[in-house]
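*Asks:* the sequence and its predicted three-dimensional model are supplied below.
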Amino acid sequence: MELKIQPIGNSYSEQAIDLILNIQQKEFNIPITIDDQPDLMQIEGFYKEAGGNFWGAFVGGELVGSIALIKFDERAGAIRKMFVKKEFRGKEWNIAQELLEVLISFCRENEIDDLYLGTITVLKAAQRFYERNYFTKIEKVNLPEKFPLMSADDIFYHLKID
């Protein structure tokens, strides 16, 4: 089965919602609903119009992963919606890495030099993943003023793109 990563828009909202809510609610018991994430209902307006993007990872036509970029400042962006379906995680598929590389390439092409993200304490594998990819942990107080905070996030990272 071949992995295909491509930008996705509003026509994929339902598939993205299914993927992401299942992981958030069922796998990690994070008390978050679709009402807390209206961006998933308007992918194009929320991510693309401001200069960011939203990508899906597909295997055999099924959406198995996602990553999104919010451009929140002239040269800065925030990673959002980084999720990979449990059965497709790990080195064998390498989906998270591929998604991150697509997003970083997009940043380079669009002169976004600083990437930030927030995550949650329970998502230990995610933290290890970001640290392996040279993201450095920063305190919430050191986030840029315009960083789009998510209420659940309690750990923050930054990557300088050269």
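*Replies:* That came through, no problem. Residues are numbered from 1 along each chain as shown.

*Asks:* in stretch 98-109, what's buried?
*Replies:* Glu98, Leu99, Leu100, Val102, Leu103, Ile104, Phe106, Cys107 (16 or more other C-beta atoms under 10 Å). Bear in mind the C-beta positions are built from the backbone N, C-alpha and C, glycine included.

*Asks:* could you dump the residues you listed into TSV with secondary structure and pLDDT added?
*Replies:* Below are the buried residues of stretch 98-109 laid out as TSV (DSSP: H, G, I helix; E, B strand; the rest coil; pLDDT from 0 to 100):
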residue	secondary structure	pLDDT
Glu98	helix	97
Leu99	helix	98
Leu100	helix	98
Val102	helix	98
Leu103	helix	98
Ile104	helix	98
Phe106	helix	98
Cys107	helix	98
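
*Asks:* burial count for Ile8?
*Replies:* Applying other C-beta atoms under 10 Å, we find 22 residues neighbouring Ile8.

*Asks:* now stretch 85-97 - C-alpha only, CSV.
*Replies:* What follows is stretch 85-97 as a C-alpha-only set of coordinates in CSV (Å, rounded to 0.1, in the frame of the first residue of the first chain):
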residue,chain,number,x,y,z
LYS,A,85,-4.2,6.7,13.1
LYS,A,86,-2.8,4.1,15.6
GLU,A,87,-2.4,1.3,13.1
PHE,A,88,-0.3,3.5,10.9
ARG,A,89,2.1,4.9,13.5
GLY,A,90,5.8,4.0,13.9
LYS,A,91,8.9,3.7,11.7
GLU,A,92,7.4,1.2,9.3
TRP,A,93,5.0,3.7,7.9
ASN,A,94,6.9,6.9,8.9
ILE,A,95,3.8,8.9,8.3
ALA,A,96,4.3,11.5,11.0
GLN,A,97,7.8,12.2,9.8
